[in-house]
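1. heads up, no residue letters with this:
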């Protein structure tokens with residue numbers, strides 16, 4: 001321990017940190033930081049660390065091992081990222097040795113593991129779409145996010161839609177299995193279907209086609225609906241767009257204490273490195289759960305999103321048992 005440090009308890013340090021950040025971040029972000037750091041204070045109490053001056057890199061490793069017993073790797077990474085920001089603040093007030101934040105090692109997040117647990121919830125989706133409506137209406141980004149959320153279709157299905165598949169008069173577009181020209185559907189011919197669209201989403205598509213869609217064809221002479229200047233978007237390009245659009249700093253403060261201007265995750269090709277960005281499949285999971293919460297029958301959601309009832313229940317439905325019970329109650333009371 002350095003002689004320059006001034007004794008301070010973990011709780012007092014957290015209180016000072018929260019006061020320091022009050023004018024810099026939103027109330028929601030501050031609440032998240034308080035929640036994450038409360039776990040660290042709890043651990044300090046448990047192991048007898050009552051002065052942060054005594055904190056070591058080995059202690060931080062022990063805390064990580066302790067915390068990972070209760071949370072998944074995605075949550076763990078977010079909590080440790082907040083701890084790093086907190087320790088940087090602590091170093092600035094002589095509570096811990098300089099450089100202590102670098103001793104917190106963030107776990108690598110496997111995107112496959114993340115997708116099984118996480119989803120874009122209704123509030124987050126509406127905030128993102130609302131931002132795009134206000135600042136980038138009818139842009140390609142707006143179309144990608146809005147259509148994926150409204151329909152719950154797969155990334156590859158959106159990529160497969162041609163301009164002629166969209167029928168504005170009937171407010172729908174068709175999904176067709178075309179493996180010979182590089183746009184197969186996951187479940188092949190049985191997955192071919194028409195997807196109904198609400199007025200708002202048709203308006204967005206109509207404006208996109210009129211003002212922003214690149215008038216291009218792909219290498220097979222087909223006209224894709226969602227385009228780049230070169231032709232049909234690749235799956236990787238759509239995935240990259242979603243990683244960027246789901247970064248929290250696009251619509252609110254960074255929950256990881258980063259400055260967007262200097263953050264590597266805001267640079268092209270690195271969007272997925274943001275701990276809070278999400279993959280397209282999490283939009284699908286969130287959209288399906290949202291539809292079920294809106295009392296849309298499971299059979300209709302299953303047909304619209306091309307997912308069997310068994311897979312729907314096992315992998316996509318994130319309603320709690322209590323939510324399901326209350327929805328059943330509503331139907332029973334109407335009998």
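-> Done, it's in. Remember, predicted model here, so these are calculated numbers, not experimental data.
2. CA only for contacts and neighbour counts going forward, please
-> Will do.
3. any idea how far the residue nearest the centre of the chain lies from residue 317?
-> When C-alpha atoms, centre = their mean is applied to the chain, the residue found nearest the centroid is residue 278 (3.3 Å). Distance, residue 278 to residue 317, by C-alpha to C-alpha, to the nearest Å: 18 Å.
4. And the next helix or strand past the least confident helix or strand in the chain by mean pLDDT?
-> Ranking every helix and strand in the chain by mean pLDDT, DSSP states H and E puts helix 111-117 at the bottom, with a mean of 49. Where DSSP states H and E defines the elements, the next helix or strand beyond helix 111-117 is helix 122-135.
5. could you say what helices and strands the helix or strand just after that following helix packs with?
-> Sequence-wise, the next helix or strand downstream of helix 122-135 (DSSP H and E) is helix 140-151. Contact here means 3 or more C-alpha pairs under 8 Å, 6 or more residues apart in numbering; DSSP states H and E; on that basis helix 140-151 packs against helix 122-135, helix 199-207, helix 235-245, helix 280-293.
6. Now the first one: buried residues?
-> Read that as helix 122-135. By neighbour count on 16 or more other C-alpha atoms under 10 Å, the buried set for helix 122-135 is 125, 128-130, 132-133.
7. can you give me the helices for the stretch 201-335 of the chain?
-> Secondary structure of the stretch 201-335 of the chain (DSSP state H, counting those that start in this stretch): helices at 235-245, 280-293, 298-305, 309-311, 321-333.
8. and residue 335, what pLDDT?
-> As predicted, residue 335 sits at a pLDDT of 52.
9. er, residue 43 I mean
-> Taking residue 43 on its own, its pLDDT is 94.
10. which SS class is it?
-> When classified by DSSP: H, G, I helix; E, B strand; the rest coil, residue 43 comes out as helix.
11. isn't it right up against residue 64?
-> No: between residue 43 and residue 64 there is no contact under C-alpha atoms under 8 Å: 10.1 Å.
12. on that earlier part again, and the helices and strands packed on helix 140-151 as a markdown table, adding mean pLDDT and distance to residue 168?
-> Listed next are those as a markdown table, based on pLDDT from 0 to 100; distance: least, C-alpha to C-alpha, whole Å:
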| stretch | mean pLDDT | distance to residue 168 |
| --- | --- | --- |
| helix 122-135 | 94 | 20 |
| helix 199-207 | 97 | 7 |
| helix 235-245 | 91 | 23 |
| helix 280-293 | 90 | 22 |
